[in-house]
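> Prediction below, plus the sequence it came from.
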Amino acid sequence: MNQKFILSLLLSVTLPLAACGFQLLSDYSFPSEFGSVYVESRVPTQGLIITLMQGLDTRTTKVVQNRADATAVLRIISASFNQRTLSFDSRGRPREFELSYIVEFDVTTDKGEFLPKQSISLTRDYEFDGVDISAGGNQREIIRRDLEVQMARSILRRIAAQA
């Protein structure tokens with residue numbers, strides 16, 4: 001009886017997830033043209049590139065270090081962080097900021113253009129604590145890293161959507 005209960009509990013959790021299309025964040029299904037992928041970037045986007053390479057390295061797709069060995073090329077054309085002040089405190093010091101991350105990319109395969117040049121923009125707001133200045137800098141860096149991870153996932157989803 002205990003085994004039947006566990007089995008029914010397991011099925012009651014997994015079946016609805018499967019029915020709604022749930023999949024793990026790192027489990028992307030890429031098109032067949034993506035047997036080997038080269039990631040090209042001339043902009044300083046180390047966090048983005050590392051996350052993209054980890055996401056592209058799946059059971060069916062491998063990241064290669066040489067462009068000549070690739071069947072697909074993901075090219076990061078530009079990447080930039082921008083910050084603007086949203087509000088000030090009563091003394092005129094910045095209190096709230098908006099950090100945005102904009103990336104342009106394209107994808108080509110052996111057959112030609114796969115994804116034309118596209119731009120993705122992500123934005124996060126955060127408050128700055130004037131008392132603890134080091135916390136504000138740390139918070140900004142944490143948000144930057146989070147935006148790089150979210151950007152990589154957005155790019156990978158766009159590629160996987162073409163499968």
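Perfect, I can see it now. Residues are numbered from 1 along each chain as shown.
> check contacts around T123.
E98, L99, S100, Y101 (CB atoms under 8 Å, 6 or more residues apart in numbering). The way it works is simple: take the backbone N, C-alpha and C, and place the C-beta from them, glycine included.
> Helix or strand: which one has the last one?
Mapping Y101 onto the secondary structure by DSSP states H and E places it in strand 94-109.
> Pull that strand out as PDB, backbone CA atoms only.
The C-alpha coordinates for strand 94-109 follow below in PDB (Å, rounded to 0.1, in the frame of the first residue of the first chain):
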ATOM      1  CA  PRO A  94      20.700  59.100  -6.000                       C
ATOM      2  CA  ARG A  95      18.500  56.600  -4.200                       C
ATOM      3  CA  GLU A  96      17.100  54.300  -6.900                       C
ATOM      4  CA  PHE A  97      18.800  53.100 -10.100                       C
ATOM      5  CA  GLU A  98      17.800  51.200 -13.200                       C
ATOM      6  CA  LEU A  99      20.400  48.900 -14.800                       C
ATOM      7  CA  SER A 100      19.800  47.700 -18.300                       C
ATOM      8  CA  TYR A 101      21.700  45.100 -20.400                       C
ATOM      9  CA  ILE A 102      21.400  45.200 -24.200                       C
ATOM     10  CA  VAL A 103      22.900  42.500 -26.400                       C
ATOM     11  CA  GLU A 104      22.900  42.200 -30.200                       C
ATOM     12  CA  PHE A 105      23.600  38.800 -31.700                       C
ATOM     13  CA  ASP A 106      23.100  36.600 -34.800                       C
ATOM     14  CA  VAL A 107      23.500  33.000 -35.600                       C
ATOM     15  CA  THR A 108      24.700  31.400 -38.800                       C
ATOM     16  CA  THR A 109      25.000  27.700 -39.800                       C
END
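> Each with direction, which strands does the very next helix or strand once past that strand pair with?
Downstream of strand 94-109, the next assigned helix or strand under DSSP H and E is strand 112-127. With DSSP bridges as the test, strand 112-127 is paired with strand 94-109 (antiparallel).
> May I see the buried residues of the strand it pairs with?
Under the neighbour-count criterion of 16 or more other CB atoms under 10 Å, strand 94-109 has P94, R95, F97, L99, Y101, V103, E104, F105, D106, V107, T108, T109 buried.
> Please apply the same query to stretch 57-69.
Within stretch 57-69, the residues scored as buried using 16+ other CB under 10 Å are T58, T61, V63, V64.
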